[in-house]
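S.K.: I'll drop the sequence and a predicted model, then ask my questions.
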Amino acid sequence: MENSSSIFSVLFCVLGISILIAIFSIAAGIRIVREDTRLSVYRLGRYLGDKGPGVVLLIPIIDRGVLKKLSGVDSTPSRRLVGIVGETHTTVYTDGKVFLASEIWDATSRTPISAGQRVRVVRMILEVEKE
């Protein structure tokens, strides 16, 4: 009777350890890829392709993921300046001047904003004319 209970205890421990290893393996294979990056997936050294953005599942030990940042996504001034806080240099409504990022920029607003007020960049507009 004692022999069967010890075998049951050993099997229960082995099963528990196996379940824990499986849970940790699955958790190690989940990668979350941001919108401005991609995950290059290599399976046993062979390139499979780029994955992402979003959740990517890798096979632990067999797959290797290398993150790479997409070039040029944040290099445009509109992406860098949106959300930046500046100060109005003149009254801003249909046109005006704003001190932003150590420079004075032309700006417009949907509502009148007096000089000296703190403002936040919502979007960038580029106006051009024929040369």
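M.R.: Received it, and whenever you're ready, just let me know what you need.

S.K.: residues making contact with stretch 27-45?
M.R.: For stretch 27-45, contacts defined as C-beta atoms under 8 Å, 6 or more residues apart in numbering pick out 47-60, 62-70, 73-74. All C-beta atoms are positioned from the backbone trio N, CA, C, and that covers glycine.

S.K.: The protein: helices as residue ranges?
M.R.: Defined through DSSP state H, the helices belonging to the chain, from first to last, are 2-28, 77-81.

S.K.: ok, of these, where does mean pLDDT dip lowest?
M.R.: Ranked by mean pLDDT, the helices of the chain end with helix 77-81 at the bottom, a mean of 69.

S.K.: give me every residue that touches Val98.
M.R.: Taking C-beta under 8 Å, 6+ apart as the contact definition, Val98 lies against 86-89, 92, 104-107, 119.

S.K.: mind redoing it with 7 Å?
M.R.: Taking C-beta atoms under 7 Å, 6 or more residues apart in numbering, we find Val98 in contact with 86, 88-89, 92, 105, 107, 119.

S.K.: Next up, the contacts around Ile62.
M.R.: The neighbours of Ile62, taking C-beta under 7 Å, 6+ apart as the test, are 43-44.

S.K.: Give me the pLDDT value at it.
M.R.: For Ile62, the model assigns a pLDDT of 91.

S.K.: any low-confidence regions in this structure?
M.R.: Counting by pLDDT under 70, the ranges of the chain that qualify are 1-2, 72-79, 126-129, 131.

S.K.: Break it down into its domains, please.
M.R.: 2-69, 77-120 (automatic domain parsing).

S.K.: For the residue most central in space within the chain, give its distance to Gly65.
M.R.: The centre of the chain sits closest to Arg34, judged by C-alpha atoms, centre = their mean, with a distance of 3.4 Å. Computed with C-beta to C-beta, to the nearest Å, the distance linking Arg34 and Gly65 is 13 Å.
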